[in-house]
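S.K.: just coords:
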């Protein structure tokens, strides 16, 4: 699958997830003790969705995520 043909619909789906959670009240967590670095439940939901989609379509690719402390590595 061409990267463009994968990423455009995937990002649109991620946007729908974001909009579905837009009006929800959410707890905010601070990452690394830096008050400028906040994360919400929705951030993790979208992160998990994107990582799962990448792994399903490109299992040989490694994934580095801003929202988790380690790489999500797939070996091919």
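M.R.: Okay, I see it. Please read all numbers here as calculations on a predicted model, not as lab measurements.
S.K.: contacting residues for the residue nearest the centre of the chain?
M.R.: Note on the chain: the residue nearest the mean C-alpha position is residue 47, at 1.7 Å, using C-alpha atoms, centre = their mean. With contact set as C-beta atoms under 8 Å, 6 or more residues apart in numbering, residue 47 has these partners: 65-68. For every residue, glycine as well, the C-beta is placed using N, CA and C.
S.K.: What is the most widely separated pair among these?
M.R.: Greatest spatial distance in these: 66 and 68, 8.0 Å, computed using C-beta to C-beta.
S.K.: So for the two, which residue has more residues nearby?
M.R.: residue 68 (14 against 9; other C-beta atoms under 10 Å).
S.K.: So for the helix or strand that residue 46 is a member of, what gets flagged as buried?
M.R.: Using DSSP states H and E, the element containing residue 46 is helix 41-57. Across helix 41-57, burial judged by 16 or more other C-beta atoms under 10 Å covers 43, 45-47, 50-51, 53-55.
S.K.: Stretch 4-23 - what's its average pLDDT?
M.R.: Summarised as a single mean, pLDDT over stretch 4-23 is 96.
S.K.: Could I get the contacts of residue 47 in CSV, plus columns for distance to residue 7?
M.R.: Output for the contacts of residue 47, formatted as CSV (distance: C-beta to C-beta, whole Å):
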residue, distance to residue 7
65, 16
66, 17
67, 18
68, 20
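S.K.: SS state for residue 61?
M.R.: coil (DSSP: H, G, I helix; E, B strand; the rest coil).
S.K.: Cool, thanks, talk later.
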